[in-house]
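> Next input, structure requested:
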Amino acid sequence: MSRLDMKRLRIITCGLLILSVLSIACAGAGIDNKALPVKALPVEIEAAETGIAVSAGARSGIYGGDYYPEFEKISVNPAYQDLELNPGDSKNFTVTVENNDNKNIALNPRIIIIPYTEKYINESWVSISPSAKDLKPGEKKEFKVEVNVPEDAGLGNYAVLIAFAEKILEGDAADYYPNFPGTMQLNLRVWIPPNVQILTPYVNDLVEAGETCSYEIKLRNTGKKDVAISPELMEGRGIMYYDSIVPNGGMAYAFGNDAISIESPEKVKAGQTAIVKMTLKVPADAKGSYTGTLDLNIDDPGINEYGGKVLLNFRILTIPGEPYETSFKIADNGTINIEVSAYQYGYGLYAAGGKRDLTPSFEVSLKDPSGKEVTPSLVSKKYSGSVSIIDDTCPQPYLPYMSARIGLATKTCDQGSYYQAGATTFVETYTAPGTAGDWKLSILPKNTENFEYSITIGDAEE
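Predicted structure coming up:
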């Protein structure tokens with residue numbers, strides 16, 4: 001995001017914040033309730049530059065005690081409680097409230113709904129005992145909080161404030177003051193474990209214009225019932241970062257979704273593995289790259305709306321028509337040692353119907369000071385890489401944008417323990433006798449998007 005866009009974001013956010021505060025203040029005017037009025041809130045949005053989605057209060061860095069220091073005289077421990085429950089489950093936990101004031105404080109525990117959460121909790125799910133308590137100076141009191149999730153509860157994330165003090169901010173202001181004294185935040189995730197595991201969470205390949213490539217996407221059903229699927233390519237392609245989709249920023253793609261065809265069974269049978277076949281016909285004039293998302297449309301309530309998707313990333317291999325050329329000077333006669341190297345990711349990991357040879361190679365030639373072409377001798381080839389041994393935990397995690405230098409698994413989870421390899425480096429070494437003067441080096445690469453070279457002048461014995 002540009003600095004100009006950041007400034008616009010700050011202005012828009014500040015404006016929305018001020019409007020929200022004014023609406024709260026106006027709504028509360030003249031009403032006999034125990035909610036405190038909201039003061040004007042100075043906002044310094046620093047976290048926006050990190051690109052992390054946070055609440056309004058966290059973005060502004062506001063803490064309730066900064067504006068209402070009298071409420072520092074009550075402390076609540078813990079300040080946060082995170083629960084993960086299935087529908088029909090329940091959980092108890094204890095909250096300790098302490099009076100740090102020199103006078104009694106009336107405690108009136110209750111639930112305050114936090115605005116703008118994914119799901120809104122029903123207050124009947126949470127019970128607190130005792131229901132009220134007068135706390136003497138220096139006294140501590142434990143409250144038992146019981147959370148009961150109904151069998152028919154919707155899956156998703158819920159968040160509420162549990163307020164113990166008699167007077168407390170409510171409404172939108174509760175979000176602006178996430179750590180307001182006298183409260184604790186309860187975060188609840190209601191979920192069920194998914195039955196279908198995506199053993200092929202991404203397809204990443206280096207392809208040539210005009211070729212046809214086939215891929216296999218494997219799904220495993222660990223449940224006791226068949227699960228229906230209906231794969232389709234998503235419109236409005238974007239880059240998938242773990243559990244979210246972000247737009248591509250207006251990039252032009254090498255081809256459209258019509259270049260990809262899908263063949264799939266209607267269901268993944270219980271206890272079995274199913275294969276979704278994908279065929280890519282690369283247009284003859286394709287250049288650049290394509291990033292898209294295959295939505296498997298898995299009828300599994302344990303998979304949320306952002307899950308069940310496979311990231312697709314294809315890069316068109318550029319085939320240079322002319323070699324790369326550079327010049328170098330030799331001061332004294334000696335052996336010319338040329339090293340050319342390239343690194344490559346795990347392209348074609350899920351390709352089907354045989355493996356294509358994507359091993360990088362080079363055509364290397366020299367011209368001596370008189371302009372005569374000299375063919376250097378290939379004396380060695382070297383392959384290097386790093387490998388990690390990983391267990392068979394599934395599903396494999398989504399990876400960020402696939403052109404990053406990260407390791408790709410060389411086996412899928414249904415094959416037991418497997419190895420995860422990083423980028424492989426290919427090195428070719430050439431030599432030729434050299435005489436003093438100006439030389440030219442030509443390198444024509446094949447099956448690679450990058451290469452490096454080094455030239456060393458030394459005696460033949462070296």
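> show me where the stretch 101-250 of the chain has strands.
In the stretch 101-250 of the chain, the strands defined using DSSP state E, counting those that start in this stretch lie at 105-113, 126-129, 133-135, 140-148, 156-165, 183-190, 196-198, 202-207, 212-221, 227-228, 232-233, 238-241, 244-247.
> Just the residues contacting the first one, thanks.
The set of residues external to strand 105-113 that reach it, using Cβ atoms under 8 Å, 6 or more residues apart in numbering, is 73-74, 97, 99, 120-121, 123, 126, 128, 131-135, 141, 143, 160-166, 168, 170, 174, 183. For the C-beta atoms, the positions are set from N, CA and C on the backbone; glycine is no exception.
> In TSV: the strands of the stretch 101-250 of the chain, plus mean pLDDT and mean neighbour count.
Shown next, in TSV, are those (pLDDT from 0 to 100; neighbours: other Cβ atoms under 10 Å):
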stretch	mean pLDDT	mean neighbour count
strand 105-113	89	18
strand 126-129	96	16
strand 133-135	89	16
strand 140-148	96	15
strand 156-165	89	21
strand 183-190	92	21
strand 196-198	93	23
strand 202-207	90	22
strand 212-221	94	20
strand 227-228	97	16
strand 232-233	96	15
strand 238-241	44	19
strand 244-247	42	12
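> Quick one, which of those gets closest to residue 343.
With Cβ to Cβ as the criterion, residue 343 lies closest to strand 202-207 of the strands of the stretch 101-250 of the chain, at 12.4 Å.
> Sheet partners, orientation included, of that closest one?
Paired with strand 202-207 in the same sheet, following DSSP bridges, are strand 309-316 (parallel).
> avg pLDDT for the partner strand?
Averaging pLDDT along strand 309-316 gives 93.
> With just CA atoms, put that strand into CSV.
Output in CSV follows, covering the C-alpha atoms of strand 309-316 (Å, rounded to 0.1, in the frame of the first residue of the first chain):
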residue,chain,number,x,y,z
LYS,A,309,-10.3,-23.9,-1.8
VAL,A,310,-7.2,-24.8,-3.7
LEU,A,311,-4.7,-22.1,-4.8
LEU,A,312,-3.6,-22.2,-8.4
ASN,A,313,-0.4,-20.6,-9.6
PHE,A,314,1.0,-21.0,-13.1
ARG,A,315,4.0,-19.2,-14.5
ILE,A,316,4.7,-19.2,-18.3
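> Show me what whatever helix or strand comes next after it is in contact with.
Under the assignment DSSP states H and E, the closest C-terminal helix or strand after strand 309-316 is strand 324-330. Contact partners of strand 324-330, identified using Cβ under 8 Å, 6+ apart, comprise 336, 434-445, 453, 455, 457.
> Keep only those of the residues you listed that are in helices.
Among the contacts of strand 324-330, no member is found in helices (DSSP state H).
> Of these, grab the buried ones for PyMOL.
Remark: buried members of the contacts of strand 324-330, expressed as a PyMOL selection using 16 or more other Cβ atoms under 10 Å:
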select buried, resi 336+434+439+440+441+442+443+444+445+453+455+457
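> returning to what we had before: I'd like the strands of the stretch 101-250 of the chain written out as JSON lines, with distance to residue 305 added.
Below are the strands of the stretch 101-250 of the chain laid out as JSON lines (distance: least, Cβ to Cβ, whole Å):
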{"stretch": "strand 105-113", "distance to residue 305": "23"}
{"stretch": "strand 126-129", "distance to residue 305": "26"}
{"stretch": "strand 133-135", "distance to residue 305": "42"}
{"stretch": "strand 140-148", "distance to residue 305": "24"}
{"stretch": "strand 156-165", "distance to residue 305": "9"}
{"stretch": "strand 183-190", "distance to residue 305": "14"}
{"stretch": "strand 196-198", "distance to residue 305": "15"}
{"stretch": "strand 202-207", "distance to residue 305": "19"}
{"stretch": "strand 212-221", "distance to residue 305": "18"}
{"stretch": "strand 227-228", "distance to residue 305": "16"}
{"stretch": "strand 232-233", "distance to residue 305": "15"}
{"stretch": "strand 238-241", "distance to residue 305": "13"}
{"stretch": "strand 244-247", "distance to residue 305": "10"}
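> Test my guess that residue 137 contacts residue 73.
No: between residue 137 and residue 73 there is no contact under Cβ atoms under 8 Å: 9.3 Å.
> Mind listing the shared neighbours of these two?
Taking Cβ under 8 Å, 6+ apart as the criterion, residue 137 and residue 73 both touch 99, 101.
> More neighbours: which of these two?
The residue with more neighbours, out of residue 137 and residue 73, is residue 73; 18 against 12, by other Cβ atoms under 10 Å.
> Please list all residues in contact with residue 118.
Residue 118 sits next to 156, 157, 158 when contact means Cβ under 8 Å, 6+ apart.
> tell me which of the residues you listed is nearest to residue 374?
When the contacts of residue 118 are compared against residue 374 (criterion: Cβ to Cβ), the nearest one is residue 157, at 67.4 Å.
> what does stretch 369-385 rub up against?
Stretch 369-385 is contacted from outside by 336, 338, 364-368, 421-432, 435-439, using Cβ under 8 Å, 6+ apart.
> Show me where the chain has its helices.
Using DSSP H, helices in the chain cover 3-28, 56-60, 173-176.
> any idea which of these scores lowest on pLDDT?
helix 56-60 (a mean of 37).
> Low-confidence bits of the protein, can you list those?
1-72, 167-180, 236-251, 348-349, 353-355, 390-418, 459-462 (pLDDT under 70).
> Would you map out the domains in it?
Segmentation of the chain into domains, based on automatic domain parsing, reads 3-190, 196-316, 324-385+423-458.
> doesn't residue 270 make contact with residue 223?
Yes: shown here, residue 223 and residue 270 form a contact pair, counting by Cβ under 8 Å, at 5.9 Å.
> and residue 302, how many neighbours does it have?
With other Cβ under 10 Å as criterion, residue 302 counts 16.
> and it, what does it touch?
Going by Cβ under 8 Å, 6+ apart, residue 302 touches 155, 191, 192, 193, 194, 195.
> what about the fourth one, how many neighbours?
This points to residue 193. Neighbour count for residue 193, taken as other Cβ under 10 Å: 9.
> show me the contacts for it.
By Cβ under 8 Å, 6+ apart, the neighbours of residue 193 are residue 302.
> Tell me what residue 129 is bridged to.
Bridge pairing for residue 129 - DSSP bridges - gives residue 144.
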